[in-house]
Each structure stands twice: as C-alpha cells, then as structure tokens.
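Student: coordinates only, sequence not included:
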C-alpha cells in the first residue's frame, strides 16, 4: 500500500472548504418537499364531547316536539258527542215510525250523538232534548240498529226516574229504548238528556242507521214532534 495515501487524504480533508450556502439550499429544498400543502385536508376527527351532547339534545327535542304535536292533535276540548258518518245507501237510513223530519218544532229541539266515552266493545247513544216551555206529555224513543253484537246494557235520563216509565225492546231490527212521561207529571223548560247503553261487536260501530224521535204536548195543549238521525250532520 502506498504510504503516501493516508497523508494525502488528511491533507485533502484539511484543505476542503464545504459550500455552506449550497448545503443550506439543499436542506431547505428537502424540507419544502416534505412539508404538507396549506390546502391539505386535515383527517377527520371524532366529534368533540360537547358536539355529541348537542346532537343528542337536538334528537331528544325532536322526539318531544313530535310527541307534543300528537298529544295536541289528539287532545283539546272534548265534544259532548261524536257522529259516526257513513256514505248514504241507495235507499237511505230507515225512518223511525212516527218520526218528524225536523230537529226543531216550536219550543222543542233535539239532537242525537254517540257519547265520546264509548269504546270498541260498548257504546252510549245520547238524546239531547231542549224545550223552551213546560211539557204536559212526552215520549222519547231511541232506535239502535241491531248491527253485530248489539245488546242492551241499560239506560238513564237526567229527569227524575219516578216521572217516567222506561222500556227496552227489540223491534224490526232495532233495539228500542222508550221513555214515557207518567200522567200528571210535567217536564220543566230546559235541556234534558236521555241515554241508551249497549254492547256491540269489536271495533268502531257505524251509527248511521240509528235515530230518535220525541213527541210532546205543550202546556198550552199544542203538540210538537222532533226527530234526528245519528248519521246526519247539522
């Protein structure tokens, strides 16, 4: 081996002067090449706890809002009664014997409606009778069509029980409730209620075939008669 080679290498190393500017430029270029662009998309991170809480709160508020709307739609002031309307048949609902086509006659007025507390197995039909003067005679008849499973479960009236005779019979395809004022008794002016109760087949019963009539003699001796169909809107 040439003994002069190590000495020459040492002399060359000592004489070498590195180009610091060129090295700095190369380092800066290398750093610039590895630096992420300002437009680089930051990888998605999991939602922060407060954001998750806000999302859950919004979901709960949405559920509560829907529930409140449902309750508001279903609630409100409950009407005295409801009518179960149905499309009229070709022949129409059967007319009650002796029934009057009007709901008002002189001082007498009447209305028929299914009680709102009726359910899928049981119902109550209400007869509201209003008279502007005392009545010396009164007969109220409520006719319930004998649709599936209809059977009587009782009746009542707002006037004194001792003033009336009451019957519940089946006649011509109807359950007939009849209240007759006893002789010598009177009905005072005002609004009075007569109600018939009955079981029926499961489901919402169609009351469009039901009807009522009321025949009265006024204190003046004049007669009045009114009637109503449960399937007719006023």
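Tutor: It's in. None of these values were measured; they are calculated from a predicted model.

Student: lowest average confidence, helix or strand, in the chain?
Tutor: Across the helices and strands of the chain, mean pLDDT, DSSP states H and E gives its lowest value to helix 49-74, namely a mean of 36.

Student: next SSE after that one?
Tutor: On the C-terminal side of helix 49-74, the closest following helix or strand by DSSP states H and E is strand 104-105.

Student: Which elements pack onto that following strand?
Tutor: Strand 104-105 sits against strand 223-229, with contacts defined as 3 or more C-beta pairs under 8 Å, 6 or more residues apart in numbering; DSSP states H and E. Heads up, the C-betas are built off the backbone N, CA and C, glycines and all.

Student: Show me what the strand it packs on is packed against.
Tutor: Contacts defined by 3+ C-beta pairs under 8 Å, 6+ apart place strand 223-229 against strand 104-105, strand 108-114, strand 211-218.

Student: Quick one: closest of these to residue 137.
Tutor: Residue 137 lies closest, by C-beta to C-beta, to one member of these: strand 211-218, at 3.7 Å.

Student: List the contacts of that closest one.
Tutor: Outside strand 211-218, the residues that touch it by C-beta atoms under 8 Å, 6 or more residues apart in numbering are 93-96, 98-100, 106-108, 110, 112, 127, 129, 131, 133-143, 187, 223-230.

Student: Give me the buried entries from these.
Tutor: For those, a burial check counting by 16 or more other C-beta atoms under 10 Å picks out 93-94, 96, 99-100, 106-108, 110, 112, 127, 129, 131, 133, 135-143, 187, 224-230.

Student: so where is the chain shaky, pLDDT-wise?
Tutor: Applying pLDDT under 70 to the chain flags the ranges 1-3, 5-101, 232-234.

Student: redo that, cut-off 90
Tutor: Filtered on pLDDT under 90, the chain yields the residue ranges 1-102, 219-220, 230-234.
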